[in-house]
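>>> Model the following, please.
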Amino acid sequence: MKEINRILTIYDQLDHAQRKVALATVVYVEGSAYRRPGARMLVSDDGRWEGAISGGCLEGDALRKARQVMLDGKPMVVRYDTMDDDANSLGVGLGCNGIIDVFIEPIDPADPMNPVALLGEFSQLRDRRVIATICRKTPGLTIKEGSRFVLTEQLTDQVPGWLQQDMELVMEVGKPLTSIIPLIGGMVEVFIERLDPGIELVIFGAGYDTIPLTRLATEIGWRVTVTEDCIAHLAPKRFPEATCLLYADANAVTDKLVFTDRTAAVLMSHNYNYDLAVLTKLLPRDVPYIGVLGPRKRYEKMKAHWERMGHSFSPSILGRVHSPIGLDLGAETPDEIALSILSEVKAFFSQRNGGFLTDRPGPIHERVTFDEEIVII
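Numbers count the residues shown, from 1 in each chain. Got it, this is the predicted structure:
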């Protein structure tokens, strides 16, 4: 989300009466690459760019190609083959051991279906959606390169039948898809990706150690709500990066919040009674991740309290609680603890165990093949 929002900010700052703009998007990766399908770079004809499609190796050449696209007004797919460490056709030794296809297209600000406009709509609505982009086609087909179709979780008849199944598949599994689809009179290559609104962090407690957690979470592009029952702790100058500051009593705060399947709730008030009251209200709510700062015996004390009070929570509900919270990084300072907490939250939503990549067998990024014509990257 952060990269998308930065691209939108730069795009809005441009004078489109004077400047031409292009968007470069990674649409296919074979082997290893620094960025995955869906990585974007916005380029203007004065050489300004925002975003990245690699670790810095491809941007210079993509910038030159983007200028040609803006001049011609026609999109193109550029293939970068970095399999050979000794290949130096781009003037740099890439050594990524991968093949990367980048779709570079001119942006028409007057077209409501241009890619930046669709990203802006997604950023505003914060919904989950799938976007299919026609990257290449055989001559004679009337459909244009750069044509797009959008599928949201709301029913629509705007997606053609020949794309419906693939787009629904990407909506379900979340992995981007590059597919070659036969049509009457030719074939099209389509890049299909799912856009997710990103993680929303709700922090209960506004103490000293909440400040670095808020700062770091917003730095990586998460939306952060900080809530507390002491209004003095919620001074905006303490949390200038927070998306929302909410003053509310522990027994009423959950009724004032909206929880989604991307919400992580973190309790770190250092007030046992406050955390107990909030957690008791949170557990019946559909919050996928709940973290409680403090030693294990503190959470065990809460469970003993529920048992005495006759509260009964199923193992599946209690399984959403992480206490102690965070990955085992040896964190000591508030900033290190913030890193540990955010690392665990990210690992949870990515369905990873948070271990060392050097110990991970196989590729870093999952690759799943569904059939001979559809490859999930």
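>>> Low-confidence regions, this protein specifically.
83-97, 155-157, 363-377 (pLDDT under 70).
>>> Counting residues, which helix of it comes out longest?
The longest helix of the chain (DSSP state H) is helix 334-350.
>>> buried residues in that one?
Using 16 or more other Cβ atoms under 10 Å as the test for burial, helix 334-350 gives 337-346, 348-349. (C-beta placed from N, C-alpha, C; glycine too.)
>>> farthest-separated two in those residues?
Greatest spatial distance in those: Ile337 and Phe349, 19.2 Å, computed using Cβ to Cβ.
>>> so Met302, which of the three states?
At Met302 the chain is in helix, as set by DSSP: H, G, I helix; E, B strand; the rest coil.
>>> Identify the residues contacting it.
275-276, 279, 292 (Cβ atoms under 8 Å, 6 or more residues apart in numbering).
>>> In strands, which of those residues appear?
In this view, the contacts of Met302 that belong to strands under DSSP state E are Val292.
>>> okay if I get the contacts of Met302 as a markdown table plus distance to Thr227 and neighbour count?
Formatted as a markdown table, these follow (distance: Cβ to Cβ, whole Å; neighbours: other Cβ atoms under 10 Å):
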| residue | distance to Thr227 | neighbour count |
| --- | --- | --- |
| Asp275 | 12 | 24 |
| Leu276 | 16 | 19 |
| Leu279 | 14 | 23 |
| Val292 | 15 | 24 |
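>>> and the contacts of Met302, which two are the farthest apart?
The most widely separated members of those, counting by Cβ to Cβ, are Leu276 and Val292 (9.8 Å).
>>> Show me the chain divided up by domain.
For the chain, automatic domain parsing gives the domain ranges 2-106, 127-197, 200-350.
>>> Relative to Met113, which of the ones you listed is closest?
domain 127-197 (5.4 Å).
>>> helix or strand for Asp12, which one?
helix 2-13 (DSSP states H and E).
>>> Which positions in that helix come out as buried?
3-4, 7-8, 10-11.
>>> Outside of that helix itself, list whatever touches it.
Outside of helix 2-13, the residues that reach it under the criterion Cβ under 8 Å, 6+ apart are 21, 23, 39-40, 42, 48, 50-52, 107, 116, 119-120, 122-123, 195, 220-221.
>>> Try it again at 10 Å.
For helix 2-13, the external contacting residues (Cβ atoms under 10 Å, 6 or more residues apart in numbering) are 19, 21, 23, 38-42, 44, 48-52, 107, 109, 115-117, 119-120, 122-124, 195, 198, 218-222.
>>> Of those residues, grab the buried ones for PyMOL.
Burial among the contacts of helix 2-13 is assessed by 16+ other Cβ under 10 Å; the matching PyMOL selection reads:
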select buried, resi 21+23+38+39+40+41+42+44+49+50+51+52+107+115+116+117+119+120+122+123+195+198+218+222
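>>> From the contacts of helix 2-13, which land in helices?
Counted as lying in helices by DSSP H, out of the contacts of helix 2-13, are 115-117, 119-120, 122-124, 218-219.
>>> okay, how far is it across stretch 315-324, tip to tip?
Stretch 315-324 has an end-to-end distance of 17 Å (Cα to Cα, to the nearest Å).
>>> for stretch 131-143, same thing?
Stretch 131-143 end-to-end distance (Cα to Cα) = 16 Å.
>>> in that stretch, what counts as buried?
Applying a neighbour-count criterion of 16+ other Cβ under 10 Å, one finds 131-137 buried in stretch 131-143.
>>> ok, those residues vs Pro324, which is closest?
Ile131 (39.7 Å).
>>> next structured bit after whatever helix or strand the closest one lives in?
Using DSSP H and E, Ile131 sits within strand 129-137. Downstream of strand 129-137, the first helix or strand assigned by DSSP H and E is strand 148-152.
>>> That next one to helix 115-125, inter-axis angle?
For strand 148-152 against helix 115-125, the angle between stretch directions is 10 degrees (axes from the mean of the first three to the mean of the last three Cα atoms, to 10 degrees).
>>> any idea how far Gly205 is from the nearest residue to Ile231 once chain neighbours are set aside?
Computed as Cβ to Cβ, 6 or more residues apart in numbering, the closest residue to Ile231 that is not its neighbour in sequence is Tyr247, at 4.8 Å. From Tyr247 over to Gly205 the distance is 13 Å, taken as Cβ to Cβ, to the nearest Å.
>>> residues shared between the contacts of those two?
By Cβ under 10 Å, 6+ apart, the residues touching both Tyr247 and Gly205 are 226-230, 233.
>>> mind listing which of the residues you listed are in helices?
Using DSSP H, no member of the shared contacts of Tyr247 and Gly205 sits in helices.
>>> Save those as JSON lines, and put in neighbour count too.
Shown next, in JSON lines, are these (neighbours: other Cβ atoms under 10 Å):
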{"residue": "Val226", "neighbour count": "25"}
{"residue": "Thr227", "neighbour count": "24"}
{"residue": "Glu228", "neighbour count": "23"}
{"residue": "Asp229", "neighbour count": "21"}
{"residue": "Cys230", "neighbour count": "13"}
{"residue": "His233", "neighbour count": "18"}
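>>> Which of those fall in strands?
Among the shared contacts of Tyr247 and Gly205, DSSP E puts 226-228 in strands.
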